[in-house]
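> Quick one, what's the 3D model for this:
(one chain, ligands or ions: 1)
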Amino acid sequence: MRVLGIESSCDETGIAVYDTESGLLGDALHSQIARHAEYGGVVPELASRDHIRHIIPLLKAAFAQANTTWDDIDGIAYTRGPGLAGALLVGASVAAGLALARNLPVLGVHHLEGHLLSPLLSKNPPQFPFVALLVSGGNTQLMRVDSVGKYTLLGETLDDAAGEAFDKTAKLLGLGYPGGPQIAELAAKGNSGVFNFPRPLLHSGDLNFSFSGLKTAVMTQIRKLPSLDEQSKADLAKAFEEAVCDILASKASNAMRQTGLKRLVVAGGVGANQSLRATLDKKIHRLKGETFYPPLSLCTDNGAMIALTGALRMKEGLWPETSDLSFSVRPRWPLSFAVSEKENH
Ligand code: KG4
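This next block holds a predicted model:
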């Protein structure tokens, strides 16, 4: 089965072709980071317009890369939500238009399902069941994944997402957007132990997270300093990164203990963080568990994970038999609700 995937939920336009027999055949991506950088965050209207500009050229590029024609495509999957409404509508309407033109079935998939299945695109893919740690700009969740479409929420953030905490802390340190990679770069020059930030909910006994206090702690610390020189910035970034890594690794290992599962899959933009990977590897290996990460290029938003999710859903018979080509987007769409819906439209 060969599925075209379309991602346009935020500031990346991604188009890919995935085949259940031969794997990922084509994957074209355009990132809007440069366009939004001067505003310090994503401007929704600019995002929608940029998706419109790039979506068809990317489609052509993905088809050329995949060396495929429309005759080989069995279905079209697009990100239905969650995300920015206008941005989602670009992908959804292009998907519906192409499906009508080519008489193909179309499926709106959940963005986070794409992220949590994305490690299946790596060279050493995990077997089901596994625990997934989803750490992106908008979400931080621990899920139990038993098979495609069978997900149980174990815990989630009660306020900011981990990526959001990175982005907000970066702003406090005068860094640009997105903050995660810049904090990581700065933290590499910082010293441990100069500053020490709290680890909220570390001993709460459940698998929930809270990150908003951490950003406030950084702000309070900055106010106490006579000046914010480069080394202090690096030391603050280091202490912040260590706190986030500690919290995520500790909750992830608690989730492994509680479920008795031995495989941890990490997905979402923050999963690109090398210190997080090192901290998780250490903790999970101590539990005799294994860690799995998507390739670095597929940690942030991309079309490959949407094409993959669509193809796996089609293979497992988790694709509605009829699609009437009417479409809607779901800017707010809890994953647990999405997978329990009988009809996807
Ligand atoms: O998964 P993603 O592309 O977007 C969402 O769907 O939300 O993740 C973006 C988030 C941003 O908050 C960004 O700062 C963070 O991932 N991020 C990182 C790193 N690379 C991206 N955070 C920490 N370290 C990184 N290396």
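
> use CA for all of it now, contacts and neighbours both
Noted.

> Glu241 looks like it's in a helix, true?
Yes - Glu241: assigned to a helix according to DSSP: H, G, I helix; E, B strand; the rest coil.

> what's the spacing between it and Met314?
39 Å (Cα to Cα, to the nearest Å).

> Would you agree Leu116 falls within a helix?
Yes - looking at Leu116 with three-state DSSP, it is inside a helix.

> That one contacts Ala132, doesn't it?
Yes - using Cα atoms under 8 Å, Leu116 is in contact with Ala132, at 6.4 Å.

> shared neighbours, those two?
Taking Cα atoms under 8 Å, 6 or more residues apart in numbering as the criterion, Leu116 and Ala132 both touch 265-267.

> near the ligand, which residues of this protein show up?
136-138, 163-164, 166-167, 178-181, 184, 268-270, 272-273, 300-301 (Cα under 6 Å from any ligand atom).

> Let's see which of these end up in helices.
Of these, the ones assigned to helices by DSSP state H are 163-164, 166-167, 179-181, 184.

> Make JSON lines from the residues you listed and add pLDDT and neighbour count to it.
As requested, those are arranged in JSON lines below (pLDDT from 0 to 100; neighbours: other Cα atoms under 10 Å):
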{"residue": "Gly163", "pLDDT": "95", "neighbour count": "24"}
{"residue": "Glu164", "pLDDT": "94", "neighbour count": "24"}
{"residue": "Phe166", "pLDDT": "97", "neighbour count": "29"}
{"residue": "Asp167", "pLDDT": "94", "neighbour count": "25"}
{"residue": "Gly179", "pLDDT": "93", "neighbour count": "23"}
{"residue": "Gly180", "pLDDT": "96", "neighbour count": "25"}
{"residue": "Pro181", "pLDDT": "96", "neighbour count": "19"}
{"residue": "Ala184", "pLDDT": "98", "neighbour count": "23"}
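
> For Leu112, give me the pLDDT.
Predicted confidence (pLDDT) at Leu112: the value is 92.

> Then Phe337?
Confidence score, pLDDT, at Phe337: 62.

> Over to Ala92?
97.

> wouldn't it be in contact with Tyr78 here?
Yes - counting by Cα under 8 Å, Ala92 does reach Tyr78; the two are 6.1 Å apart.

> show me where the stretch 201-345 of the chain has helices.
212-224, 230-259, 274-286, 304-315, 335-340 (DSSP state H, counting those that start in this stretch).

> so how far is Ser232 from the residue of the chain positioned farthest from its centre?
The C-alpha centroid of the chain is most remote from Pro226, which lies 37.8 Å away (Cα atoms, centre = their mean). Distance from Pro226 to Ser232, counting by Cα to Cα: 11 Å.

> can you pull the buried residues of stretch 134-147?
134-145 (16 or more other Cα atoms under 10 Å).

> for the residue nearest to Ile52 when sequence neighbours are not counted, helix, strand, or coil?
Counting by Cα to Cα, 6 or more residues apart in numbering, Val90 is the residue found nearest to Ile52 once chain neighbours are left out, at 6.4 Å. When classified by three-state DSSP, Val90 comes out as helix.

> which residues does Val90 contact?
8, 48, 51-52.

> now, which of the buried residues of stretch 134-147 sits nearest Met1?
Closest approach between the buried residues of stretch 134-147 and Met1, by Cα to Cα: Val145, at 22.7 Å.

> hmm, back to that, which of Ala92 and Tyr78 has more neighbours?
Tyr78 (33 against 28; other Cα atoms under 10 Å).

> So what touches the helix or strand where that one lies?
Element membership of Tyr78 [criterion: DSSP states H and E] is strand 75-81. In this structure, residues lying in contact with strand 75-81 by Cα under 8 Å, 6+ apart are 2-9, 88, 91-92, 95, 99, 104-111, 306-307, 309-311, 328-333.
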